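turn this into a structure:
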Amino acid sequence: MPIITTRDGTEIFYKDWGDKAAQPIIFHHGWPLSADDWDNQMMFFLSEGFRVIAHDRRGHGRSTQTETGNEMDTYAADVAELAGQLRLRDAIHIGHSTGGGEVIHYVARAEEGRVAKAVIIAAIPPVMVKKESNPGGTPIEVFDGYRAALAANRAQLYRDIPAGPFYGFNRPGAQPSEGVVDNWYRQGMMGGIKAQYDCIKAFSETDFTDDLKAIDLPVLVLHGDDDQIVPYEDSAPLSAKLLKNGTLKTYAGFPHGMCTTHPAVVNADILAFIRGEEAAEPPVTVEIVEPTVPAG
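Next comes the predicted model:
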């Protein structure tokens, strides 16, 4: 099993497929998932000739179930160690949800030449929690509720989230996929509860404003306007304004887990961005479609 060992002794599991001389794409997963959530995207970009890499964040998936270090500074430091040990240059970093925050935090600190472009999808920046400087944010009581539910019955919470708001399966006319829900549950239960509990603070309270302002590289910001996990108005448009070289693409009706529900649209737009082409316009209206390969 491929792993790197960080300076504090944490083992980070990763996948690394494709020609090692090809341009690398590194995928950063959301809470509380794993590298497996990128199955569709990894297969797609591998077929397009890229080297594709995805890691399990510390405390998640097959990586060490850490008691400490479950916050953004350490997450970004782990990515830096992964990039260093794999000798990655001119990489594309793609992050979903919490992984989008991890991408922004890492890219703002990355060594020169390590990163070429970045993509954040349904991502948590600039900051999720409601406070004086972020009046449109999500109240802290919502995240306290997640913590309480996680501590009381993690298994049930990890059924309720994917079966409901994550993929928009609670919307009228949606076609829930039992396989997608089971895959989300499987990934969540692989990780450690302590790390996942701590990560709620990391994804809800970390303020990425300064990171966004510091990034000069091209960044593509993708978000659905029916995201019930990371509300659109308090995330993507604000991030795009803070970036020096950001491009915002909004999808009508897409849910939080849109990499899974609409992979063909998302993959095509990311590929166009990487290649410097004009991304295709998203459809005006959409419906939840059952993916052929569970991924996100």
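
how about the helices of the protein, start to end?
For the chain, applying DSSP state H gives helices covering 39-47, 72-85, 98-107, 140-163, 178-190, 193-205, 209-214, 236-242, 258-261, 263-274.

how about TSV for those, with mean neighbour count, distance to Val221 and mean pLDDT added?
Where C-beta positions appear, they are placed from N, C-alpha and C, glycine not excepted. Shown next, in TSV, are the helices of the chain (neighbours: other Cβ atoms under 10 Å; distance: least, Cβ to Cβ, whole Å; pLDDT from 0 to 100):
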stretch	mean neighbour count	distance to Val221	mean pLDDT
helix 39-47	19	17	98
helix 72-85	19	18	98
helix 98-107	29	9	98
helix 140-163	15	23	98
helix 178-190	18	24	98
helix 193-205	20	17	98
helix 209-214	17	10	98
helix 236-242	20	5	98
helix 258-261	28	13	98
helix 263-274	19	10	97
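
Phe13: how many residues sit nearby?
For Phe13, the neighbour count with other Cβ atoms under 10 Å is 20.

test my guess that Gly164 contacts Pro176.
No: Gly164 lies out of contact with Pro176 (Cβ atoms under 8 Å); the separation is 9.2 Å.

which neighbours do the two share?
When contacts are counted by Cβ atoms under 8 Å, 6 or more residues apart in numbering, Gly164 and Pro176 are jointly contacted by no residue.

and the pLDDT at Met1?
You'll see Met1 listed with a pLDDT of 82.

excluding sequence neighbours, find me the nearest residue to it.
Phe13 (6.3 Å; Cβ to Cβ, 6 or more residues apart in numbering).

ok, now how distant is the one you found from Ser34?
8 Å (Cβ to Cβ, to the nearest Å).

and for Cys259?
14 Å.

check contacts around the residue nearest to Met1.
With contacts defined as Cβ under 8 Å, 6+ apart, Phe13 is in contact with Met1, Pro2, Ile3, Ala35, His55, Asp56, Gly61, Arg62, Ser63.

swap in 7 Å and give it another go.
By Cβ atoms under 7 Å, 6 or more residues apart in numbering, the residues touching Phe13 are Met1, Pro2, Ile3, His55, Asp56, Gly61, Arg62, Ser63.

list the beta-bridge partners for it.
Going by DSSP bridges, Phe13 is paired in beta bridges with Ile3.

tell me the spacing between it and Ala22.
Distance, Phe13 to Ala22, by Cβ to Cβ: 22 Å.

over to Met72?
For Met72, the distance to Ala22 (Cβ to Cβ) stands at 29 Å.

Gly164 is in contact with Gln228, correct?
No: contact criterion Cβ atoms under 7 Å: Gln228 and Gly164 do not qualify, at 8.1 Å.

would you format the helices of the chain as TSV with distance to Ala122 included?
TSV is the format used below for these (distance: least, Cβ to Cβ, whole Å):
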stretch	distance to Ala122
helix 39-47	13
helix 72-85	17
helix 98-107	7
helix 140-163	14
helix 178-190	14
helix 193-205	12
helix 209-214	16
helix 236-242	8
helix 258-261	6
helix 263-274	10
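
which of these sits closest to His223?
Closest approach to His223 among those is made by helix 236-242 (3.6 Å; Cβ to Cβ).

other SSEs contacting that closest one?
helix 209-214, strand 219-224, strand 246-251 (3 or more Cβ pairs under 7 Å, 6 or more residues apart in numbering; DSSP states H and E).

and of these, who's closest to Ala155?
Closest to Ala155 of the helices and strands packed on helix 236-242 is strand 219-224 (Cβ to Cβ; 27.4 Å).

can you check what angle separates the closest one from helix 263-274?
160 degrees (axes from the mean of the first three to the mean of the last three Cα atoms, to 10 degrees).
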